[in-house]
Structures are given as structure tokens and as C-alpha cells.
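Student: Sequence first, then the predicted structure:
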Amino acid sequence: MNRKPVNPWSWSLNVGYNQGEIIEGVNRQLICAGQTSVDADGNPLHAEDMRKQIALSLDNLEAVLTAADMTLANITRLVIYTTDVDEAMKHFDQLGARFGPLNAAPPMTLLGVTRLAIPALMFEIEATAAD
């Protein structure tokens, strides 16, 4: 797979994502359900702790990718839902810590929502990946 960043402006690179990417030579595409702060049985964890919820959501996303023989570097698009945009943004360093070393900056959308499917959850990350 070949990826070519499309950035008519550079400001989004400071936050860790490209405005767009041209993806060529894709063999497989993985559409991931939104990953949240739940354990292996689907029980919500870390109520009222945004930082821990983001960390576990990313762990769960990586588990789905690993099961498909992919990594965060394969992600071509992210959509993030949160019940508190300001609080989530305070902890976005976690995304940078995981995506940065891979030189991955997939296009991303961040949406503030009233609530998620499980009321105790504050953060959900949805991804599309390809190889």
C-alpha cells in the first residue's frame, strides 16, 4: 500500500493528522467498530477517567488490528466520539505517543456527542485500516 499525504495547509500536522491521504495498492481493508474502554466481556472500565478511557480504547483498537495482522500504521481514517471534547483534547498526547513513532497521521474527525451507547463511557474511537 502506498500513502500520499494531502495537506493544502500544514496546521493539522501540528495536531497529528493529515487533511487527506491518497491510498493506492490496497490489498485488504478493515472496518473497525468503535472501540471504547471496556474489558474482554464488554464491561465498561474507568468511569470518569478520560485518560484511562482513551488508553484502553486505543489498546482495544490495537487488539482488533492485531487480530487482522495489522497495526496502527495501517489506519487510513479515524473518527473519535467524546462526551467532553475539551477533556479529551487534554489527553491527545496518547494518540501522538502511539501514532508518532510510526510516522502515521491518518485523517481524523473528532466529534462531541451527548452520550455514547454505555452512559459511563466518554470516549470511542472508530477506524478504517488497509494494507
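Tutor: The structure has been received and is ready for your questions. Numbering: from 1, shown residues only.

Student: all contacts plus neighbour counts: C-alpha atoms, from now on.
Tutor: OK.

Student: Tell me where this structure is predicted with low confidence.
Tutor: Within the chain, no stretch has pLDDT under 70.

Student: So which residues of it form strands?
Tutor: With DSSP state E as the criterion, the chain has strands at 2-6, 20-24, 29-31, 75-82, 108-112, 123-130.

Student: Identify whichever of the ones you listed lies nearest to residue 91.
Tutor: Closest to residue 91 of those, according to C-alpha to C-alpha: strand 123-130, at 11.1 Å.

Student: Please work out the angle formed by the directions of the closest one and strand 75-82.
Tutor: Orientation of strand 123-130 against strand 75-82 (axes from the mean of the first three to the mean of the last three C-alpha atoms, to 10 degrees) gives an angle of 170 degrees.

Student: Send over strand 123-130 as PDB, restricted to the C-alpha atoms.
Tutor: Extracted C-alpha coordinates of strand 123-130, given in PDB (Å, rounded to 0.1, in the frame of the first residue of the first chain):
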ATOM      1  CA  PHE A 123     -14.500   8.200  24.500                       C
ATOM      2  CA  GLU A 124     -14.900   6.000  21.400                       C
ATOM      3  CA  ILE A 125     -12.500   5.600  18.500                       C
ATOM      4  CA  GLU A 126     -13.600   4.200  15.100                       C
ATOM      5  CA  ALA A 127     -11.000   3.300  12.500                       C
ATOM      6  CA  THR A 128     -10.600   2.100   8.900                       C
ATOM      7  CA  ALA A 129      -7.400   0.300   8.100                       C
ATOM      8  CA  ALA A 130      -5.800  -1.200   4.900                       C
END
